[in-house]
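Sharing a model prediction with you, sequence too.
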Amino acid sequence: MAGKSTEEQLQALLSILNDSTNNLEQVRVSLAGTELSVARRENAPTHSHPRNQEYIQTSPRTAFAPQEASSNEVPDTAGHQNEPAPVRAVVLHPEGPSGPGLSIKGGDEYDLPILISQIYPGGAADQCGGIREGDKIISINGVNVESVNHRRAVELLKANTVKLEVQMFKPASHGSASSISNPSLHGGSFRASRKGTGSRPLRNVSEFAALANTASAPPSRWVTFKTIPLKQAAVSLRMAGTAKLRPKSFQVSSADGQEQIALYCSNDTEVVQWSALVRNRVLALDRKLMAEVNASLPAFDKVIHFGWVALRCSSSEQWKNYVPQYLVLRSNRVNLFDFPPTSAGDLSQSVPGHSILTSHCSEVQADRLLDDWPYCFCITTADGEQLYLAAESQLELAKWIQQLRRATVDAALDGVMVFKGTWNRKSVDLTVSLQEQLALFDGQDKSSIWRKPFAQLVKTSTDDGSVALSFLPRTSTDANAHQKSETETFKIHFQWEHHGVVNVIHNMMLAAVATLDPTILNEDDLS
């Protein structure tokens, strides 16, 4: 991944889809502070004849050494048409497999100089800004290449440090039209890969001349046209409303949805890398916001984790199955928002949400996924509603599962839940806690009917407002007793949501195990 990378600022050349032309347009993407900014090239003002270094883009690994302003420009008066173009010195430091980030054409065997036919977005040559497509290469690392063959020039360009002397090329001064259009010119190229992958050859004299003449284009500068605040921003690899991955791109949207942009990369690896960089910057800002919000909240209602997820829903549009939601996990509940809350006041005005203790969270296993989105989890609420949620990556999914489990255990440690119901035609109270575990009391005189440890519970089931609890006999040592009709079952009809009763029992059992072995909270599968 090419670009500028420091602790404070990240920068690279990516692409966007131009709305007017429907073609990809190269842009410069910068991550600095709390914003992501996107800039496009625009020609510098025409009155600035000497090249101004303001318009020369550099990076820590790429340096351009401009000549004096008086020798940098080719006079365009009629009396100086035949003067040679000035020579420019360029130093490139190729990074990774991208090499110097350029393609070359020509060579002694084609009766042509070594010419830069293409500069690739994001590569060392592109960042330098000191060379242009159509330039003639005079020397590479001190070796004159004006009379070398194409293969020799390619080998020289493979060095770890590439020092070039380049000059604007004038087609009329090198060979005839027939030599330029000779098919032998298509013999090879040096692309942005050290393996020497070729690029599209030049087809005719006009195209070749046009390529060479690009060297005389006016200086350009980067002009920012889009800025997206990164606090609570959304970063998505998928097409809006679907599980389908974007082709070599990702989208960044502001918290309020007013600003968004899809950024295109050269390959899928770069998509993963850059989307992760943006997401990490968002997470860093969100951590600061969480600390600010929690400073105004009571201890029992702190924010533990928040972020964007996709909620699967039924839609009139068959292709659109997901809507973005902002999930906020607090000490005792979870909330879903259309847009992120930005303060403790926003949270206090929100709907009650779903109780952590009476809801159940689980990762959706591969054989139960509803579509091609692999990073999904489900929150089953007390009334039986299933919130099918999707995260952007395996790392995000693991973080949500871990935080939800920890919040569940913390809520269960001090929680005591009493559910009123009916059993054998009399009112009863079922108490669930880490201390009592499972205990059934008479609803009138509060006398104890039975007490059961979680270890004896082998099955829970729900049916028509009732919960059936099946236990192993206390004296049984047969691990398969629950398969031999040796279990004792109590079917209790509850006035409260029966799904919530089952969720609380499961959550208390998880907490009981976690108190004995805390490492279980880090395991991928607790089924």
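Cool, got the structure. Numbering: from 1, shown residues only.

drop to CA atoms for contacts and neighbour counts, all remaining ones
OK.

need the helices for the stretch 351-500 of the chain, in chain order.
Applying DSSP state H, counting those that start in this stretch to the stretch 351-500 of the chain gives helices spanning 394-413, 498-516.

I'd like these written out as JSON lines, with mean pLDDT, distance to Gly33 and mean neighbour count added.
Below are the helices of the stretch 351-500 of the chain laid out as JSON lines (pLDDT from 0 to 100; distance: least, CA to CA, whole Å; neighbours: other CA atoms under 10 Å):
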{"stretch": "helix 394-413", "mean pLDDT": "92", "distance to Gly33": "23", "mean neighbour count": "19"}
{"stretch": "helix 498-516", "mean pLDDT": "91", "distance to Gly33": "40", "mean neighbour count": "21"}
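
Quick one: closest of the ones you listed to Ala240.
Ala240 lies closest, by CA to CA, to one member of the helices of the stretch 351-500 of the chain: helix 394-413, at 18.6 Å.

by how many degrees do that closest one and helix 498-516 diverge?
Angle of helix 394-413 versus helix 498-516, following axes from the mean of the first three to the mean of the last three CA atoms, to 10 degrees, is 90 degrees.

For helix 394-413, what is the distance to the chain centroid?
In terms of CA atoms, centre = their mean, to the nearest Å, the centre of helix 394-413 is found 21 Å from the chain centre.

right, and the helices of the stretch 351-500 of the chain - which one's nearest Asp383?
Minimum separation from Asp383 across these (CA to CA) falls at helix 498-516, 6.0 Å.

contacts for the closest one?
Around helix 498-516, the neighbours that count as contacts under CA atoms under 8 Å, 6 or more residues apart in numbering are 357-360, 381-384, 408-410, 412-413, 417, 419, 432-434, 437, 454, 460-462, 465-467, 520-521.

Repeat the analysis, applying 6 Å as the threshold.
Residues from elsewhere that reach helix 498-516 (CA atoms under 6 Å, 6 or more residues apart in numbering): 357-360, 382, 384, 409, 412, 465.

For PyMOL, what selects the buried ones among these?
This is how PyMOL selects the buried members of the contacts of helix 498-516, with burial counted by 16 or more other CA atoms under 10 Å:
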select buried, resi 357+358+359+360+382+409+412
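
now, among the contacts of helix 498-516, which is nearest to Met290?
Val409 (21.2 Å).

how close does the nearest residue to the closest one once chain neighbours are set aside sit to Phe454?
Leaving aside its chain neighbours, Val409 sits nearest to Ala511 (4.7 Å; criterion: CA to CA, 6 or more residues apart in numbering). Distance, Ala511 to Phe454, by CA to CA, to the nearest Å: 11 Å.

per-residue confidence for the residue of the chain most remote from its centre?
For the chain, the residue at maximal distance from the C-alpha centroid (CA atoms, centre = their mean) is Asp445, at 58.9 Å. Listed pLDDT for Asp445 reads 93.

same check, this time on Thr46
pLDDT, Thr46: 48.

What residues are bridge-paired with Glu165?
Ala89, Ser139 (DSSP bridges).

My guess is it contacts Leu92. True?
No. Counting by CA atoms under 6 Å, Glu165 stays clear of Leu92, with 11.3 Å between them.

doesn't Arg281 fall inside a strand?
No. Using DSSP: H, G, I helix; E, B strand; the rest coil, the assignment for Arg281 is helix, not a strand.

Distance of it relative to Val162?
In terms of CA to CA, Arg281 sits 33 Å off from Val162.

same thing with Phe419?
Shown here: Phe419 relative to Val162, a distance of 76 Å by CA to CA.

Comparing those two, which shows the higher neighbour count?
Val162 (21 against 17; other CA atoms under 10 Å).
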